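Novice: need a 3D model of the sequence below.
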Amino acid sequence: MAKTQEQIHFNMQQIKNKDSHIELVLRKALWHKGFRYRKNVKTVYGHPDIAFIGKKIAIFCDSEFWHGYDWENRKNDFKVRQDFWIPKIERNIERDNEVNAKLLQEGWTVLRFWGTDIRKNLDDCVSVVEQAYNHNLKR
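Specialist: This next block holds a predicted model:
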């Protein structure tokens with residue numbers, strides 16, 4: 001059954017830009033491990049989803065759709081409005097790279113996790129954060 005433009009518009013409006021499911025899952029796991037962090041930090045370039053300000057660690061929880069997971073294969077999946085969606089997602093990828101570069105230049109450790117990794121390999125994601133945190137303690 002084809003969706004109408006109104007249904008698609010409504011669905012897109014429902015997508016959160018903060019406190020998404022994947023962010024909440026990772027934050028809860030980090031909190032449970034005793035990590036205390038800031039969330040959606042506007043004072044840090046790129047507004048990381050999770051940040052350890054004193055340790056200069058910025059964490060982004062990227063959804064596969066919006067951030068272009070496996071983009072070279074997936075961009076052919078768009079059947080409608082390719083002239084809109086392909087440049088939009090490609091700009092998101094470009095922006096993610098710009099954010100990474102600027103934060104790295106400023107001495108930050110940047111961690112990006114795909115939503116699937118958070119959902120399926122949460123312990124591994126927490127371990128990566130823990131290793132970065134412990135490494136930055138020694139600076």
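
Novice: so Thr116 sits right up against Glu64, yeah?
Specialist: Yes: between Thr116 and Glu64 there is a contact at 6.3 Å, judged by C-beta atoms under 8 Å. From N, CA and C alone the C-beta is placed, and that goes for glycine too.

Novice: pick out whichever of the two has more residues nearby.
Specialist: Between Thr116 and Glu64, counted using other C-beta atoms under 10 Å, Glu64 has the larger neighbour count: 15 against 12.

Novice: check what pLDDT the more buried one gets.
Specialist: Confidence at Glu64, expressed as pLDDT, is 70.

Novice: do the same with Gly68
Specialist: 69.

Novice: same question, Val129
Specialist: Per-residue pLDDT puts Val129 at 96.

Novice: could you say which helix or strand holds it?
Specialist: For Val129, the host element (DSSP states H and E) is helix 122-137.

Novice: pull the CA atoms of stretch 114-132 into CSV?
Specialist: Below are the C-alpha coordinates for stretch 114-132, written out as CSV (Å, rounded to 0.1, in the frame of the first residue of the first chain):
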residue,chain,number,x,y,z
TRP,A,114,25.8,3.0,14.5
GLY,A,115,22.3,2.3,15.9
THR,A,116,22.6,-1.3,15.0
ASP,A,117,25.9,-1.7,16.9
ILE,A,118,24.3,-0.1,20.0
ARG,A,119,21.3,-2.4,19.8
LYS,A,120,23.2,-5.6,19.0
ASN,A,121,26.7,-5.0,20.6
LEU,A,122,26.0,-2.7,23.5
ASP,A,123,28.7,-4.2,25.7
ASP,A,124,31.3,-3.6,23.0
CYS,A,125,30.2,0.0,22.6
VAL,A,126,30.4,0.6,26.3
SER,A,127,33.9,-1.0,26.3
VAL,A,128,35.1,1.4,23.6
VAL,A,129,33.8,4.3,25.6
GLU,A,130,35.5,2.9,28.7
GLN,A,131,38.8,2.5,27.0
ALA,A,132,38.7,6.0,25.6
